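Visitor: Make a model of this:
(one chain, ligands or ions: 2)
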Amino acid sequence: MASIADYYAGKNVLITGATGFMGKVLVEKLLRSCPKVRTLYLLVRPKAGQSMQERVSDMMKCKVFDRVREDNPDFHQKIVPISSELTQPALAISPEDVERLTSCVNIIFHCAATIRFDEPLKHALQLNVIGTQQLLNLAQQMHHLQAFIHISTAYANCNRRHIDEIIYPPPVEPKKLIDSLEWMEDSIVRDITPRLIGERPNTYTYTKALAECVVQKESSKLNIGIIRPSIVGASWQEPFPGWIDNFNGPSGVFIAAGKGILRTMRANNDAVADLIPVDVVINLTLAAGWYTAVHRLTFPPAALVYNCTTGGINPFHWGEIEHHVMSSFKRNPLEQAFRRPNANITSNYLMNQYWILVSHKFPALIYDLYLRLSGQKPQMMRIFNRLHKAIGLLEYFSSQDWEWNSENMNMLMSHLSPEDRKTFNFDVRQLNWPEYIDNYCIGTKKYVLNEDMSDIPVARQHLRKLRNIRYTFNTLLLVFIWRVFIARSQMARNIWYFVVSLCFKFLSYFRASSTLTN
Ligand SMILES: CCCCCCCCCCCCCCCCCCCC(=O)SCCNC(=O)CCNC(=O)[C@H](O)C(C)(C)COP(=O)(O)OP(=O)(O)OC[C@H]1O[C@@H](n2cnc3c(N)ncnc32)[C@H](O)[C@@H]1OP(=O)(O)O
Ligand SMILES: NC(=O)C1=CN([C@@H]2O[C@H](COP(=O)(O)OP(=O)(O)OC[C@H]3O[C@@H](n4cnc5c(N)ncnc54)[C@H](OP(=O)(O)O)[C@@H]3O)[C@@H](O)[C@H]2O)C=CC1
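Guide: Ligands and ions are numbered 1, 2, ... in the order given. Below you'll find the predicted structure:
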């Protein structure tokens, strides 16, 4: 059987979501490890006043492509952007582009989605479900298509505790839901959304579950693989350890904790933190593309699902993550921290509310007062309100455990040659968590916040200054409280005189005994 790189040689690949976090790593890895791939067609929409060509040119300047750029400075010649808006009829692809794609594409990787947890249901449905259906329609017109790889999420079925590598019956028939929501006003849809999503926490997981059903329906006509990653984090090894470019999932939490803003969060110390490095997901995705294509004649006509998770193989827990994140940010602090990093997770609701009051709201009020008095605009309370909204949406995932069966990941690994196992490594047994978390934290500093590593001594100095401010503040507060007590209560005065005289007695005894020994 051909190696993975040999398989991709000369192939035309279509990718959606290439400008996103996982899409960029996918494009990079394909170009670097499968250098003979013919063309990558990227479906990209114009956005924020930029044409799709400008967006793709900007994307190729990203640091993530540095290694490819070194190997092949002309790598951009293999990339062809295609203008497409996935929420529009027929994906808004021009007839010429449709003609071009249907005549030459061999493999599709469908990564595009809205991953926002607060997305209105209609929009999430439009992109994650109807967009996927339209891409499948296009795929069926392709004359040389060998594999369609759909990126789903391990949490599509988070209403279950144990999740097998099968597609579960949908909560509702997707077509029926699409038809009924079409005529409804947005406000009505908003009102009935909680009833529709049921036990799922958000419209994202709900629409990703529906998308899997839509994909499965086409599996008798196309060779389909479905990848279900859990919580995708920074890269483990490639293209650089710790590469990450966004605030999604745990990254925003780590940054907020590293900046000393986030001090408390509801999470279960003993629950498995099912993080999976982005390069592992992409290696598995490329291997699954190869396997789906080369085994197409021997497959029964059903989509093969790969749960891409770590918990069952190499588990690590939220409590351990908290410890390593705090330790990493103390050794390599972020610049201009608000307070010294010191965050704790707790599963107790009341305890969390108490710490929110004492460690979030109270300091924010004082800081905003200081800003107001110095003629600046108060901002800390606003930042905390946004942070509370964001972590409120994540807590569902950090407070419970799931169990995923990942037999297909093992099966796929057993089909790889020793060489491919190294080049497309997705063996998470080798993952050293403390080292990974350390690189992850450094990655948020270098690649998300664009901070310079050479400024770490200044950042450490800043943390020392914050520690001294805290000690001074605490001492002054103690003295102030004590003075108030002493002034008002005879009993407090008596205790005070008793403690002071005890100290004097101890000191004189200590001095007398040291004179005797001399
Ligand atoms: C106590 C600390 C110790 C640490 C140990 C414990 C850690 C526990 C961590 C638990 C994490 C659990 C994570 C579970 C994730 C489950 C994932 C399921 C898997 C998936 O399939 S999908 C991927 C996950 N999707 C997401 O993560 C998206 C979530 N985000 C949203 O839904 C929205 O962004 C949100 C949070 C509703 C905010 O919306 P909005 O207010 O409209 O803001 P914007 O999105 O427009 O962003 C504006 C601005 O803010 C930046 N941003 C976004 N999120 C954060 C954040 N969490 N922290 C800081 N900053 C954030 C964003 O980049 C924008 O910046 P610009 O510069 O572009 O304006
Ligand atoms: N990140 C994670 O933790 C996990 C992600 N996943 C899945 O992986 C996939 C990729 O996620 P990730 O890279 O993190 O997400 P990102 O949000 O980083 O990227 C989403 C991509 O989809 C594109 N897109 C969004 N809307 C449209 C549209 N209307 N038309 C065309 N393109 C659009 C975006 O393009 P644009 O730049 O134009 O916005 C972007 O390229 C998703 O399917 C997600 O469900 C699964 C598990 C975990």
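Visitor: Next to ligand 1, which bits of the stretch 301-450 of the chain? Give me the list.
Guide: Counting by CB under 6 Å from any ligand atom, the positions of the stretch 301-450 of the chain adjacent to ligand 1 are 318, 321, 322, 325, 343, 345, 386, 390, 393, 394, 397, 398. In this view, the C-beta of every residue, glycine as well, is placed from N, C-alpha and C.
Visitor: pLDDT value on the last one, please?
Guide: Which is residue 398. Listed pLDDT for residue 398 reads 96.
Visitor: any idea how far the closest residue to it other than its chain neighbours is from residue 229?
Guide: Using CB to CB, 6 or more residues apart in numbering and skipping residues adjacent in sequence, the residue nearest residue 398 is residue 267, 3.6 Å away. According to CB to CB, to the nearest Å, residue 267 stands 20 Å off from residue 229.
Visitor: Any regions of the stretch 151-300 of the chain where pLDDT drops low?
Guide: Scanning the stretch 151-300 of the chain for pLDDT under 70 picks out the ranges 296-300.
Visitor: For it, which segments count as strands?
Guide: 162-163, 224-229, 231-233, 264-266, 275-277 (DSSP state E, counting those that start in this stretch).
Visitor: So what are the sheet partners of the longest one and their directions?
Guide: Paired neighbours of strand 224-229 in the sheet (DSSP bridges): strand 147-151 (parallel), strand 304-308 (parallel).
Visitor: from the middle of its chain, how far away would it be?
Guide: 18 Å (CA atoms, centre = their mean, to the nearest Å).
Visitor: need the residues of the stretch 51-200 of the chain near ligand 2, please.
Guide: 85, 86, 87, 111, 112, 113, 114, 115, 127, 151, 153.
Visitor: ok, how many other residues are close to the fourth one?
Guide: It stands for residue 111. 24 (other CB atoms under 10 Å).
Visitor: Packed most tightly, which of the strands paired with strand 224-229 would that be?
Guide: Highest mean neighbour count among the strands paired with strand 224-229 (mean count of other CB atoms under 10 Å): strand 147-151, with a mean of 27.
Visitor: Tell me which residues are up against it.
Guide: 17, 22, 106-111, 113, 132, 136, 139, 211-212, 215, 218, 222-227, 229, 285, 288-289, 292-293, 296, 303 (CB atoms under 8 Å, 6 or more residues apart in numbering).
Visitor: and it, is it in reach of ligand 1?
Guide: No: against ligand 1, strand 147-151 shows no contacts by CB under 6 Å from any ligand atom, the least distance being 9.2 Å.
Visitor: Quick check, the residue in this structure closest to ligand 2?
Guide: Using CB to the nearest ligand atom, the single residue of the chain nearest to ligand 2 is residue 20, 2.0 Å away.
Visitor: quick one: residue 334 and residue 445 touch, right?
Guide: Yes: assessed by CB atoms under 8 Å, residue 334 is found in contact with residue 445 at 5.7 Å.
Visitor: can you pull the buried residues of the longest helix along the chain?
Guide: Criterion DSSP state H: the longest helix present in the chain is helix 456-488. Across helix 456-488, burial judged by 16 or more other CB atoms under 10 Å covers 456, 459, 462, 463, 466.
Visitor: Would you agree residue 342 falls within a strand?
Guide: No: judged by DSSP: H, G, I helix; E, B strand; the rest coil, residue 342 forms no part of a strand; its state is coil.
Visitor: Can you get me a residue count around it?
Guide: 15.
Visitor: residues contacting it?
Guide: 260, 263, 326.
Visitor: cool, and residue 272?
Guide: Residue 272 touches 311, 315, 316, 317, 401, 402, counting by CB under 8 Å, 6+ apart.
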